[in-house]
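Asks: Take this sequence and fold it.
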Amino acid sequence: MRKSVIAALGALMIANPAAAQDIALDELRAGVFYHSAYSGFLPTGDNWDLSRLENVKFSALFTSPDIEAFRWIGSPRPEVGATLNFNGRENLLHANLNWQIPVFETPLYLELGFGAAITDGALSGATRPARNFGCSFNFYDAAGIGANVTENVTVTLRYEHISNLELCSPNEGLSNLGVMVGVKF
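Replies: Numbering: from 1, shown residues only. A predicted model of the protein is given here:
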């Protein structure tokens, strides 16, 4: 899995070597996540279960490359990350683009991410609570709301989801919800 993330970053650098020189580590994040967060997950729902706080997540965000294509799509930051499960369930690695949108003149921001992920989860034949992914390659999307606590520290409530978009069968996907603390450079 690690080789796939490195290959994705390498492809970006090969595509435009000059832009690769402009990419720098911008922020490191770590946090805890609830595994398999679906409808009814909120405290008023039937599925609220503190024992599902079983994931740890790490991610690295890089400065947006100084190339026209990135400026044209809003200057997203490349991100690579991993969500690891402590109970032997599905883990994932992802590489995506991350857009951070300031909320007026406040320290708050909204965040969206789209990209790709690979998982070590079962392709088929798994029984609940495990998920059946159909294929190891999945699409990755994330949404969050966060705050710049200081100039160098962020806190983000984040939802992440992986799915193969029906390219493989089955397609049960996985959603996680958690909080991350980031350190900006």
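Asks: what about the protein, any weak spots by pLDDT?
Replies: 1-21, 39-49 (pLDDT under 70).
Asks: can you pull out the strands in it?
Replies: 25-34, 53-62, 77-85, 92-102, 108-119, 137-148, 153-163, 174-184 (DSSP state E).
Asks: In a markdown table: those, plus mean neighbour count and distance to Arg71.
Replies: In this view, the C-beta of every residue, glycine as well, is placed from N, C-alpha and C. Listed next are these as a markdown table, based on neighbours: other CB atoms under 10 Å; distance: least, CB to CB, whole Å:
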| stretch | mean neighbour count | distance to Arg71 |
| --- | --- | --- |
| strand 25-34 | 18 | 16 |
| strand 53-62 | 19 | 16 |
| strand 77-85 | 21 | 13 |
| strand 92-102 | 20 | 13 |
| strand 108-119 | 19 | 17 |
| strand 137-148 | 18 | 22 |
| strand 153-163 | 19 | 23 |
| strand 174-184 | 19 | 21 |
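Asks: Now distance to Glu68 too, for these, in TSV please.
Replies: Formatted as TSV, these follow (distance: least, CB to CB, whole Å):
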stretch	distance to Glu68
strand 25-34	20
strand 53-62	18
strand 77-85	16
strand 92-102	15
strand 108-119	19
strand 137-148	25
strand 153-163	28
strand 174-184	25
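Asks: gap between the closest residue in space to Ala82 that isn't next to it in sequence and Val179?
Replies: Nearest non-adjacent residue to Ala82, counting by CB to CB, 6 or more residues apart in numbering: Leu93, 5.1 Å away. Using CB to CB, to the nearest Å, Leu93 is found at 20 Å from Val179.
Asks: Repeat that for His94.
Replies: 18 Å.
Asks: try Thr154
Replies: Thr154 is 11 Å from Val179, by CB to CB.
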